[in-house]
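> Could you work out the structure for the sequence below:
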Amino acid sequence: MRVKEWLMLALVLGGVALLSVGRSAPDGAAMVLEVDGPIGPPTRDYLVRGLDRAAAEGAQLVILEMDTPGGLLDSTRDIISAILASEVPVATYVSPEGARAASAGTFILYASHIAAMAPATNLGAATPVGVGGRVQLEDLLDELDDDNDATERDEDERDNDERDDGEREDDGMSAGERKAINDAVAYIRGLAERRGRNADWAEEAVRDAATLSSSEALEKGVIEFRARNITDLLSQLDGHTVEVAGTEITLSTDGIEVIRVEPDWRTQFLQIITNPTVAYLLMLIGIYGLIFEGYNPGAIVPGVIGAISLLLALFAFQILPVNFAGLALIVLGIVLIVAETLVPSFGALGLGGVAAFVAGSVILIDSDVPGFGVSLPLIIGIATTGALLTLAIAMMAVKVRYRPVVSGNEQLLSAHGEAMTDFVDGRGQVWLLSERWQAVAAEPIAKGDPVRVTAVNGLELTVEKQA
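As a prediction, this is how the structure comes out:
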(Lines give C-alpha, C1' and ligand atoms only; values in the text may rest on other atoms or scores of the structure.)
Protein backbone atom coordinates (compact mmCIF):
# COMPACT_ATOMS: atom_id res chain seq x y z
CA MET A 1 0.00 0.00 0.00
CA ARG A 2 1.13 3.59 -0.66
CA VAL A 3 1.77 6.11 2.13
CA LYS A 4 -1.51 7.92 1.41
CA GLU A 5 -3.50 4.71 1.75
CA TRP A 6 -1.77 3.85 5.02
CA LEU A 7 -2.61 7.30 6.42
CA MET A 8 -6.27 6.96 5.44
CA LEU A 9 -6.42 3.52 7.09
CA ALA A 10 -4.86 4.92 10.26
CA LEU A 11 -7.43 7.74 10.38
CA VAL A 12 -10.32 5.31 9.96
CA LEU A 13 -9.02 2.99 12.67
CA GLY A 14 -8.42 5.97 14.96
CA GLY A 15 -11.97 7.18 14.44
CA VAL A 16 -13.36 3.73 15.20
CA ALA A 17 -11.27 3.57 18.36
CA LEU A 18 -12.54 6.96 19.54
CA LEU A 19 -16.15 5.95 18.88
CA SER A 20 -15.69 2.73 20.84
CA VAL A 21 -14.24 4.61 23.82
CA GLY A 22 -17.14 7.05 23.92
CA ARG A 23 -17.39 10.47 25.55
CA SER A 24 -15.83 10.88 28.97
CA ALA A 25 -18.02 12.05 31.81
CA PRO A 26 -17.11 15.51 33.13
CA ASP A 27 -16.40 15.79 36.84
CA GLY A 28 -19.62 15.73 38.87
CA ALA A 29 -21.79 14.37 36.06
CA ALA A 30 -24.47 11.70 36.45
CA MET A 31 -23.66 8.56 34.48
CA VAL A 32 -26.64 6.46 33.33
CA LEU A 33 -26.23 2.71 32.74
CA GLU A 34 -29.16 0.83 31.21
CA VAL A 35 -30.25 -2.62 32.42
CA ASP A 36 -32.88 -3.78 29.96
CA GLY A 37 -33.63 -7.52 29.93
CA PRO A 38 -32.37 -10.58 31.79
CA ILE A 39 -29.27 -10.13 33.94
CA GLY A 40 -26.46 -12.32 32.70
CA PRO A 41 -22.71 -12.21 32.01
CA PRO A 42 -22.97 -9.36 29.44
CA THR A 43 -24.94 -7.21 31.89
CA ARG A 44 -22.44 -7.96 34.66
CA ASP A 45 -19.52 -7.01 32.40
CA TYR A 46 -21.24 -3.79 31.29
CA LEU A 47 -22.20 -2.64 34.81
CA VAL A 48 -18.94 -3.54 36.54
CA ARG A 49 -16.89 -1.72 33.89
CA GLY A 50 -19.35 1.18 33.99
CA LEU A 51 -18.92 1.59 37.75
CA ASP A 52 -15.12 1.46 37.37
CA ARG A 53 -15.30 4.09 34.65
CA ALA A 54 -17.52 6.34 36.77
CA ALA A 55 -15.00 6.23 39.62
CA ALA A 56 -12.06 6.85 37.28
CA GLU A 57 -13.74 9.84 35.59
CA GLY A 58 -14.99 11.46 38.78
CA ALA A 59 -18.73 11.09 38.18
CA GLN A 60 -20.91 12.29 41.06
CA LEU A 61 -23.61 9.65 40.64
CA VAL A 62 -24.31 6.44 38.72
CA ILE A 63 -27.93 5.70 37.81
CA LEU A 64 -28.90 2.14 36.89
CA GLU A 65 -32.01 2.56 34.76
CA MET A 66 -33.55 -0.87 35.23
CA ASP A 67 -36.20 -3.01 33.56
CA THR A 68 -35.49 -6.68 34.20
CA PRO A 69 -37.38 -9.95 34.85
CA GLY A 70 -34.44 -11.31 36.86
CA GLY A 71 -31.20 -13.03 36.05
CA LEU A 72 -28.46 -15.48 36.87
CA LEU A 73 -27.10 -15.92 40.38
CA ASP A 74 -23.41 -15.49 39.64
CA SER A 75 -23.95 -12.35 37.59
CA THR A 76 -26.21 -10.82 40.25
CA ARG A 77 -23.66 -11.54 42.97
CA ASP A 78 -20.87 -9.83 41.00
CA ILE A 79 -23.02 -6.77 40.32
CA ILE A 80 -23.99 -6.43 43.99
CA SER A 81 -20.33 -6.80 45.01
CA ALA A 82 -19.39 -4.00 42.63
CA ILE A 83 -22.16 -1.74 44.01
CA LEU A 84 -21.16 -2.39 47.62
CA ALA A 85 -17.53 -1.58 46.79
CA SER A 86 -18.33 1.40 44.56
CA GLU A 87 -16.69 4.75 45.38
CA VAL A 88 -19.52 6.53 43.54
CA PRO A 89 -23.12 6.54 44.84
CA VAL A 90 -25.35 4.18 42.87
CA ALA A 91 -29.05 4.87 42.34
CA THR A 92 -31.19 2.08 40.94
CA TYR A 93 -34.12 3.64 39.09
CA VAL A 94 -36.86 1.30 37.83
CA SER A 95 -37.91 2.97 34.60
CA PRO A 96 -39.61 3.66 32.19
CA GLU A 97 -43.29 3.31 33.08
CA GLY A 98 -44.32 -0.33 32.82
CA ALA A 99 -40.85 -1.55 33.80
CA ARG A 100 -40.11 -3.95 36.64
CA ALA A 101 -37.26 -4.97 38.92
CA ALA A 102 -38.17 -8.58 39.57
CA SER A 103 -36.14 -11.32 41.23
CA ALA A 104 -32.45 -10.40 40.88
CA GLY A 105 -33.47 -6.82 40.13
CA THR A 106 -34.96 -6.52 43.63
CA PHE A 107 -31.68 -7.64 45.20
CA ILE A 108 -29.74 -5.08 43.14
CA LEU A 109 -32.19 -2.32 44.08
CA TYR A 110 -31.81 -3.15 47.78
CA ALA A 111 -28.01 -3.12 47.44
CA SER A 112 -27.94 0.34 45.85
CA HIS A 113 -27.28 3.51 47.81
CA ILE A 114 -30.48 5.05 46.44
CA ALA A 115 -33.68 3.27 45.32
CA ALA A 116 -36.19 4.97 43.05
CA MET A 117 -39.06 3.99 40.77
CA ALA A 118 -41.10 5.59 38.03
CA PRO A 119 -44.93 5.55 38.19
CA ALA A 120 -46.61 2.35 36.92
CA THR A 121 -43.58 0.19 37.71
CA ASN A 122 -43.21 -2.69 40.16
CA LEU A 123 -40.63 -4.79 41.96
CA GLY A 124 -40.47 -8.00 43.98
CA ALA A 125 -41.04 -11.70 43.26
CA ALA A 126 -37.51 -12.26 44.54
CA THR A 127 -37.73 -15.92 45.48
CA PRO A 128 -34.34 -17.15 44.26
CA VAL A 129 -34.37 -19.77 41.53
CA GLY A 130 -30.98 -21.10 40.54
CA VAL A 131 -29.68 -23.51 37.96
CA GLY A 132 -31.93 -26.53 37.68
CA GLY A 133 -34.80 -24.69 39.37
CA ARG A 134 -33.36 -25.01 42.91
CA VAL A 135 -32.55 -22.09 45.16
CA GLN A 136 -28.80 -21.67 45.56
CA LEU A 137 -27.91 -18.45 47.36
CA GLU A 138 -25.79 -19.62 50.29
CA ASP A 139 -22.65 -18.09 48.80
CA LEU A 140 -24.28 -14.66 48.50
CA LEU A 141 -23.80 -14.26 52.25
CA ASP A 142 -20.06 -13.90 51.71
CA GLU A 143 -20.69 -10.44 50.28
CA LEU A 144 -21.97 -9.02 53.58
CA ASP A 145 -19.68 -7.52 56.22
CA ASP A 146 -18.57 -9.88 58.95
CA ASP A 147 -20.09 -7.59 61.57
CA ASN A 148 -23.56 -7.61 60.01
CA ASP A 149 -25.75 -9.13 62.70
CA ALA A 150 -28.51 -9.89 60.19
CA THR A 151 -26.41 -12.57 58.54
CA GLU A 152 -25.79 -14.54 61.74
CA ARG A 153 -27.87 -17.70 61.90
CA ASP A 154 -28.45 -19.89 64.87
CA GLU A 155 -26.12 -22.92 64.72
CA ASP A 156 -28.74 -25.27 66.11
CA GLU A 157 -31.19 -24.35 63.35
CA ARG A 158 -28.50 -24.89 60.74
CA ASP A 159 -27.71 -28.33 62.14
CA ASN A 160 -31.39 -29.25 61.99
CA ASP A 161 -31.68 -27.96 58.40
CA GLU A 162 -28.66 -29.97 57.26
CA ARG A 163 -29.86 -33.14 58.95
CA ASP A 164 -31.42 -34.52 55.76
CA ASP A 165 -31.46 -32.49 52.54
CA GLY A 166 -33.81 -35.02 50.96
CA GLU A 167 -36.43 -34.84 53.69
CA ARG A 168 -39.58 -32.84 52.84
CA GLU A 169 -41.02 -30.40 55.35
CA ASP A 170 -44.66 -29.57 55.96
CA ASP A 171 -44.58 -26.77 53.36
CA GLY A 172 -43.36 -29.10 50.63
CA MET A 173 -39.74 -27.85 50.59
CA SER A 174 -36.73 -30.01 51.28
CA ALA A 175 -34.35 -29.10 54.07
CA GLY A 176 -31.81 -27.94 51.48
CA GLU A 177 -34.32 -25.64 49.79
CA ARG A 178 -35.41 -24.27 53.17
CA LYS A 179 -31.81 -23.54 54.10
CA ALA A 180 -31.17 -21.72 50.82
CA ILE A 181 -34.34 -19.62 51.21
CA ASN A 182 -33.29 -18.70 54.75
CA ASP A 183 -29.86 -17.70 53.48
CA ALA A 184 -31.44 -15.53 50.78
CA VAL A 185 -33.70 -13.91 53.37
CA ALA A 186 -30.72 -13.20 55.61
CA TYR A 187 -28.87 -11.70 52.67
CA ILE A 188 -31.61 -9.34 51.51
CA ARG A 189 -32.45 -8.35 55.12
CA GLY A 190 -28.79 -7.50 55.58
CA LEU A 191 -28.88 -5.31 52.48
CA ALA A 192 -32.11 -3.68 53.64
CA GLU A 193 -30.75 -2.86 57.09
CA ARG A 194 -27.52 -1.61 55.59
CA ARG A 195 -29.44 0.86 53.42
CA GLY A 196 -32.18 1.63 55.98
CA ARG A 197 -35.03 0.10 53.97
CA ASN A 198 -38.00 -2.09 54.85
CA ALA A 199 -36.45 -5.44 55.77
CA ASP A 200 -39.74 -7.17 56.60
CA TRP A 201 -41.15 -6.64 53.12
CA ALA A 202 -37.83 -7.75 51.62
CA GLU A 203 -38.28 -11.05 53.45
CA GLU A 204 -41.82 -11.36 52.05
CA ALA A 205 -40.46 -10.78 48.53
CA VAL A 206 -38.12 -13.74 48.98
CA ARG A 207 -40.35 -16.13 50.93
CA ASP A 208 -43.70 -15.40 49.29
CA ALA A 209 -42.69 -13.74 45.99
CA ALA A 210 -44.47 -10.56 47.11
CA THR A 211 -44.59 -7.58 44.74
CA LEU A 212 -45.19 -3.84 45.13
CA SER A 213 -46.12 -0.96 42.88
CA SER A 214 -44.00 2.19 42.98
CA SER A 215 -46.46 4.07 45.19
CA GLU A 216 -46.73 1.15 47.62
CA ALA A 217 -42.94 0.75 47.65
CA LEU A 218 -42.53 4.43 48.59
CA GLU A 219 -45.19 4.16 51.28
CA LYS A 220 -43.62 1.05 52.83
CA GLY A 221 -40.09 2.47 52.84
CA VAL A 222 -38.73 0.11 50.19
CA ILE A 223 -37.59 3.02 47.99
CA GLU A 224 -36.70 6.62 48.76
CA PHE A 225 -37.94 8.38 45.64
CA ARG A 226 -40.70 8.18 43.04
CA ALA A 227 -39.82 10.17 39.94
CA ARG A 228 -41.39 10.64 36.51
CA ASN A 229 -38.03 10.65 34.70
CA ILE A 230 -34.32 11.05 35.32
CA THR A 231 -34.52 14.86 35.32
CA ASP A 232 -37.18 14.68 38.03
CA LEU A 233 -35.08 12.15 39.97
CA LEU A 234 -31.97 14.35 39.87
CA SER A 235 -34.02 17.32 41.03
CA GLN A 236 -35.28 15.34 44.03
CA LEU A 237 -31.80 14.00 44.82
CA ASP A 238 -30.30 17.49 45.10
CA GLY A 239 -29.10 17.91 48.68
CA HIS A 240 -29.70 14.24 49.55
CA THR A 241 -27.01 12.65 51.74
CA VAL A 242 -25.77 9.10 51.23
CA GLU A 243 -23.07 7.03 52.87
CA VAL A 244 -20.46 5.70 50.46
CA ALA A 245 -17.51 3.62 51.69
CA GLY A 246 -18.02 4.91 55.23
CA THR A 247 -18.15 8.57 54.19
CA GLU A 248 -21.27 10.73 53.98
CA ILE A 249 -21.69 12.51 50.66
CA THR A 250 -24.19 15.26 49.93
CA LEU A 251 -25.35 15.21 46.33
CA SER A 252 -25.61 18.32 44.21
CA THR A 253 -27.57 17.06 41.25
CA ASP A 254 -29.97 19.79 40.21
CA GLY A 255 -29.12 20.63 36.59
CA ILE A 256 -25.96 18.50 36.36
CA GLU A 257 -24.99 16.94 33.05
CA VAL A 258 -26.33 13.46 32.31
CA ILE A 259 -24.09 11.07 30.37
CA ARG A 260 -25.64 7.90 28.99
CA VAL A 261 -23.14 5.08 28.54
CA GLU A 262 -24.39 2.74 25.86
CA PRO A 263 -23.15 -0.88 25.76
CA ASP A 264 -19.99 -1.02 23.64
CA TRP A 265 -19.13 -3.60 20.96
CA ARG A 266 -17.75 -6.00 23.58
CA THR A 267 -20.99 -6.04 25.57
CA GLN A 268 -23.11 -6.26 22.42
CA PHE A 269 -21.00 -9.18 21.17
CA LEU A 270 -21.41 -11.00 24.49
CA GLN A 271 -25.16 -10.34 24.45
CA ILE A 272 -25.42 -11.93 21.01
CA ILE A 273 -23.38 -15.09 21.56
CA THR A 274 -24.62 -15.73 25.11
CA ASN A 275 -28.22 -15.66 23.96
CA PRO A 276 -29.14 -19.33 24.52
CA THR A 277 -30.80 -19.63 21.11
CA VAL A 278 -27.79 -18.14 19.31
CA ALA A 279 -25.36 -20.34 21.26
CA TYR A 280 -27.51 -23.35 20.36
CA LEU A 281 -27.46 -22.47 16.65
CA LEU A 282 -23.71 -21.83 16.75
CA MET A 283 -23.19 -25.30 18.19
CA LEU A 284 -25.27 -26.91 15.41
CA ILE A 285 -23.48 -24.91 12.71
CA GLY A 286 -20.15 -25.94 14.21
CA ILE A 287 -20.98 -29.65 14.33
CA TYR A 288 -22.49 -29.80 10.85
CA GLY A 289 -19.68 -27.68 9.41
CA LEU A 290 -17.07 -30.14 10.66
CA ILE A 291 -19.17 -33.08 9.41
CA PHE A 292 -19.41 -31.57 5.91
CA GLU A 293 -15.68 -30.91 5.93
CA GLY A 294 -15.14 -34.56 6.81
CA TYR A 295 -17.33 -35.66 3.88
CA ASN A 296 -15.50 -33.31 1.49
CA PRO A 297 -11.88 -32.93 2.63
CA GLY A 298 -10.35 -29.78 1.23
CA ALA A 299 -13.63 -27.85 0.96
CA ILE A 300 -12.15 -25.58 3.70
CA VAL A 301 -15.12 -23.21 4.03
CA PRO A 302 -17.40 -25.62 6.00
CA GLY A 303 -14.50 -26.57 8.25
CA VAL A 304 -13.47 -22.99 8.99
CA ILE A 305 -17.02 -21.81 9.66
CA GLY A 306 -17.73 -24.92 11.72
CA ALA A 307 -14.61 -24.57 13.87
CA ILE A 308 -15.22 -20.87 14.58
CA SER A 309 -18.90 -21.45 15.36
CA LEU A 310 -18.14 -24.37 17.66
CA LEU A 311 -15.51 -22.39 19.59
CA LEU A 312 -17.92 -19.47 20.03
CA ALA A 313 -20.63 -21.88 21.20
CA LEU A 314 -18.28 -23.50 23.73
CA PHE A 315 -17.35 -20.05 25.04
CA ALA A 316 -21.03 -19.14 25.40
CA PHE A 317 -21.81 -22.43 27.16
CA GLN A 318 -18.95 -21.76 29.56
CA ILE A 319 -20.80 -18.75 30.98
CA LEU A 320 -24.36 -20.08 30.58
CA PRO A 321 -26.10 -22.54 32.92
CA VAL A 322 -25.66 -25.51 30.59
CA ASN A 323 -26.88 -29.00 31.39
CA PHE A 324 -24.09 -31.15 29.98
CA ALA A 325 -26.39 -34.17 29.81
CA GLY A 326 -28.51 -32.15 27.38
CA LEU A 327 -25.41 -31.23 25.38
CA ALA A 328 -24.39 -34.91 25.21
CA LEU A 329 -27.89 -35.91 24.04
CA ILE A 330 -27.76 -33.31 21.25
CA VAL A 331 -24.39 -34.58 20.04
CA LEU A 332 -25.65 -38.18 20.23
CA GLY A 333 -28.77 -37.24 18.25
CA ILE A 334 -26.72 -35.60 15.49
CA VAL A 335 -24.36 -38.59 15.32
CA LEU A 336 -27.32 -40.97 14.97
CA ILE A 337 -28.93 -38.84 12.25
CA VAL A 338 -25.65 -38.75 10.33
CA ALA A 339 -25.24 -42.51 10.85
CA GLU A 340 -28.62 -43.03 9.20
CA THR A 341 -27.21 -41.51 6.01
CA LEU A 342 -24.20 -43.82 6.10
CA VAL A 343 -25.79 -47.05 7.36
CA PRO A 344 -29.48 -46.97 6.37
CA SER A 345 -31.54 -48.65 9.09
CA PHE A 346 -34.94 -47.77 7.59
CA GLY A 347 -35.34 -44.89 10.06
CA ALA A 348 -34.40 -46.61 13.33
CA LEU A 349 -31.14 -44.72 13.82
CA GLY A 350 -32.52 -41.46 12.45
CA LEU A 351 -35.70 -41.36 14.52
CA GLY A 352 -33.72 -42.31 17.62
CA GLY A 353 -31.37 -39.45 16.82
CA VAL A 354 -34.28 -37.01 16.47
CA ALA A 355 -35.67 -38.11 19.85
CA ALA A 356 -32.26 -37.66 21.52
CA PHE A 357 -31.82 -34.30 19.79
CA VAL A 358 -35.19 -32.97 20.99
CA ALA A 359 -34.69 -34.20 24.57
CA GLY A 360 -31.21 -32.68 24.73
CA SER A 361 -32.36 -29.37 23.25
CA VAL A 362 -35.18 -28.99 25.77
CA ILE A 363 -32.89 -29.48 28.79
CA LEU A 364 -29.77 -27.85 27.31
CA ILE A 365 -30.08 -24.53 29.14
CA ASP A 366 -30.83 -25.68 32.68
CA SER A 367 -32.41 -22.58 34.17
CA ASP A 368 -35.85 -21.30 35.09
CA VAL A 369 -34.69 -17.69 34.83
CA PRO A 370 -36.75 -15.75 32.24
CA GLY A 371 -34.81 -15.08 29.06
CA PHE A 372 -32.34 -17.92 29.54
CA GLY A 373 -33.83 -20.76 27.54
CA VAL A 374 -33.76 -22.08 23.99
CA SER A 375 -36.82 -21.19 21.94
CA LEU A 376 -39.15 -24.19 21.81
CA PRO A 377 -40.48 -23.37 18.30
CA LEU A 378 -36.88 -23.34 17.07
CA ILE A 379 -36.27 -26.78 18.59
CA ILE A 380 -39.47 -28.12 17.02
CA GLY A 381 -38.55 -26.67 13.62
CA ILE A 382 -35.05 -28.15 13.59
CA ALA A 383 -36.31 -31.50 14.93
CA THR A 384 -39.05 -31.63 12.28
CA THR A 385 -36.50 -30.95 9.56
CA GLY A 386 -34.31 -33.74 10.93
CA ALA A 387 -37.23 -36.15 11.11
CA LEU A 388 -38.29 -35.39 7.51
CA LEU A 389 -34.71 -35.85 6.35
CA THR A 390 -34.56 -39.20 8.16
CA LEU A 391 -37.84 -40.37 6.63
CA ALA A 392 -36.65 -39.31 3.16
CA ILE A 393 -33.47 -41.35 3.63
CA ALA A 394 -35.50 -44.36 4.82
CA MET A 395 -37.84 -44.14 1.80
CA MET A 396 -34.87 -43.94 -0.57
CA ALA A 397 -33.37 -46.99 1.12
CA VAL A 398 -36.61 -48.94 0.60
CA LYS A 399 -36.78 -47.94 -3.08
CA VAL A 400 -33.17 -48.92 -3.63
CA ARG A 401 -33.83 -52.31 -2.06
CA TYR A 402 -36.39 -53.20 -4.75
CA ARG A 403 -34.65 -51.52 -7.68
CA PRO A 404 -33.00 -53.81 -10.27
CA VAL A 405 -29.29 -54.27 -9.82
CA VAL A 406 -27.35 -52.26 -12.37
CA SER A 407 -23.83 -53.56 -11.81
CA GLY A 408 -21.94 -56.87 -11.57
CA ASN A 409 -23.11 -60.28 -12.78
CA GLU A 410 -26.70 -59.51 -11.84
CA GLN A 411 -26.70 -56.72 -14.39
CA LEU A 412 -25.58 -59.13 -17.15
CA LEU A 413 -28.29 -61.72 -16.55
CA SER A 414 -31.14 -61.30 -19.04
CA ALA A 415 -29.30 -58.43 -20.69
CA HIS A 416 -29.81 -58.06 -24.43
CA GLY A 417 -27.06 -57.77 -27.03
CA GLU A 418 -26.10 -58.57 -30.61
CA ALA A 419 -23.91 -61.30 -32.14
CA MET A 420 -20.75 -59.81 -33.63
CA THR A 421 -19.70 -63.03 -35.40
CA ASP A 422 -21.22 -66.27 -36.58
CA PHE A 423 -21.05 -68.87 -33.80
CA VAL A 424 -18.79 -71.77 -34.82
CA ASP A 425 -19.01 -74.96 -32.78
CA GLY A 426 -21.29 -73.03 -30.40
CA ARG A 427 -18.77 -70.26 -29.68
CA GLY A 428 -18.63 -66.66 -30.82
CA GLN A 429 -18.58 -63.00 -29.77
CA VAL A 430 -21.40 -60.69 -28.77
CA TRP A 431 -21.69 -56.90 -28.26
CA LEU A 432 -23.28 -56.28 -24.89
CA LEU A 433 -23.47 -53.12 -22.73
CA SER A 434 -20.96 -51.38 -24.99
CA GLU A 435 -18.43 -54.19 -24.54
CA ARG A 436 -17.22 -57.21 -26.53
CA TRP A 437 -17.79 -60.54 -24.79
CA GLN A 438 -16.88 -64.17 -25.50
CA ALA A 439 -20.06 -66.25 -25.54
CA VAL A 440 -21.30 -69.82 -26.00
CA ALA A 441 -24.68 -70.96 -27.26
CA ALA A 442 -26.50 -74.28 -27.57
CA GLU A 443 -28.04 -73.29 -30.90
CA PRO A 444 -26.67 -71.79 -34.12
CA ILE A 445 -26.42 -67.99 -34.06
CA ALA A 446 -25.52 -65.81 -37.05
CA LYS A 447 -23.81 -62.45 -37.03
CA GLY A 448 -26.26 -59.66 -36.26
CA ASP A 449 -28.77 -61.88 -34.48
CA PRO A 450 -30.20 -60.46 -31.25
CA VAL A 451 -29.20 -62.48 -28.18
CA ARG A 452 -30.06 -62.65 -24.51
CA VAL A 453 -27.74 -63.67 -21.67
CA THR A 454 -28.86 -66.70 -19.70
CA ALA A 455 -25.77 -67.36 -17.56
CA VAL A 456 -22.41 -65.87 -16.62
CA ASN A 457 -19.32 -68.07 -16.23
CA GLY A 458 -16.45 -65.79 -15.27
CA LEU A 459 -15.68 -63.75 -18.37
CA GLU A 460 -17.73 -65.98 -20.65
CA LEU A 461 -21.42 -65.58 -21.28
CA THR A 462 -24.04 -68.20 -22.15
CA VAL A 463 -26.51 -66.72 -24.59
CA GLU A 464 -29.54 -67.73 -26.58
CA LYS A 465 -30.98 -66.41 -29.76
CA GLN A 466 -33.83 -64.07 -29.16
CA ALA A 467 -36.81 -64.28 -31.42
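
> Now Leu412. Its backbone dihedrals?
Per-residue torsions, Leu412: phi -70, psi -30 (degrees, to the nearest 10).

> Strands along the stretch 1-150 of the chain, start to end?
Applying DSSP state E, counting those that start in this stretch to the stretch 1-150 of the chain gives strands spanning 30-36, 61-67, 90-94, 100-102, 114-117, 122-124.

> To Val48, which of those lies closest?
Ranking the strands of the stretch 1-150 of the chain by proximity to Val48 (C-beta to C-beta) places strand 30-36 first, at 10.2 Å. For every residue, glycine as well, the C-beta is placed using N, CA and C.

> who touches the closest one?
With contact meaning C-beta atoms under 8 Å, 6 or more residues apart in numbering, strand 30-36 is reached by 25, 43, 46-47, 50, 53-54, 57, 59-68, 88, 105, 108, 230, 234, 253, 256-263.

> So among those, which ones count as buried?
Using 16 or more other C-beta atoms under 10 Å as the burial test, these include 25, 43, 46-47, 50, 53-54, 59-68, 88, 105, 108, 230, 234, 253, 256, 259, 261, 263 as buried.

> Please narrow the residues you listed to those residing in helices.
Those of the buried ones among the contacts of strand 30-36 mapping onto helices are 43, 46-47, 50, 53-54, 105, 108, 230, 234, per DSSP state H.

> quick one, what contacts Leu432?
Neighbour list for Leu432: 412, 415-418, 451, 453, 461 [criterion: C-beta under 8 Å, 6+ apart].

> Inside helices: which ones of those?
Leu412.

> Just flag the most distant two among the contacts of Leu432.
The distance between the two most remote of the contacts of Leu432 (C-beta to C-beta) is 14.7 Å, for Leu412 and Glu418.

> So what's the residue count around Leu109?
29 (other C-beta atoms under 10 Å).

> so it touches Asn122, yeah?
No: counting by C-beta atoms under 8 Å, Asn122 is not a contact partner of Leu109; they are 11.4 Å apart.

> distance of the most centrally placed residue in the chain from Trp437?
By C-alpha atoms, centre = their mean, the chain has its centre lying nearest to Pro276, at 1.6 Å. When distance is defined by C-beta to C-beta, to the nearest Å, Pro276 is 65 Å away from Trp437.

> ok so, going back, for Ala313, see how far away the residue nearest to the centre of the chain is.
11 Å.

> For stretch 211-226, buried residues please.
In stretch 211-226, the ones that count as buried by 16+ other C-beta under 10 Å are 211-214, 216-218, 222-226.

> Could you point out which of those residues is nearest to Ile334?
Thr211 (42.8 Å).

> who does the nearest residue to the closest one once chain neighbours are set aside bridge with?
If the residues on either side of it in the chain are set aside, Thr211 comes closest to Gly124, at 3.4 Å by C-beta to C-beta, 6 or more residues apart in numbering. Note on Gly124: beta-bridge partners Ala102, Thr211, judged by DSSP bridges.

> re the thing from before, Serialize the ones in helices among the buried ones among the contacts of strand 30-36 to TSV and add fields for distance to Ala355.
As requested, these are exported to TSV (distance: C-beta to C-beta, whole Å):
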residue	distance to Ala355
Thr43	36
Tyr46	40
Leu47	41
Gly50	45
Arg53	50
Ala54	52
Gly105	38
Ile108	41
Ile230	52
Leu234	58
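
> May I ask which two of those are separated the most?
The largest separation in those, counting by C-beta to C-beta, is between Thr43 and Leu234 at 23.6 Å.

> picking that back up, out of the contacts of Leu432, which end up buried?
Taking 16+ other C-beta under 10 Å as the criterion, what is buried in the contacts of Leu432 is 412, 415, 417, 451, 453, 461.

> got a list of what the fifth one touches?
Under the criterion of C-beta under 8 Å, 6+ apart, the contact list for Val453 reads 412-417, 432, 461-463.

> now, the most widely separated pair of these?
Distance extremes for those: the farthest pair is His416 and Thr462 at 14.2 Å, using C-beta to C-beta.
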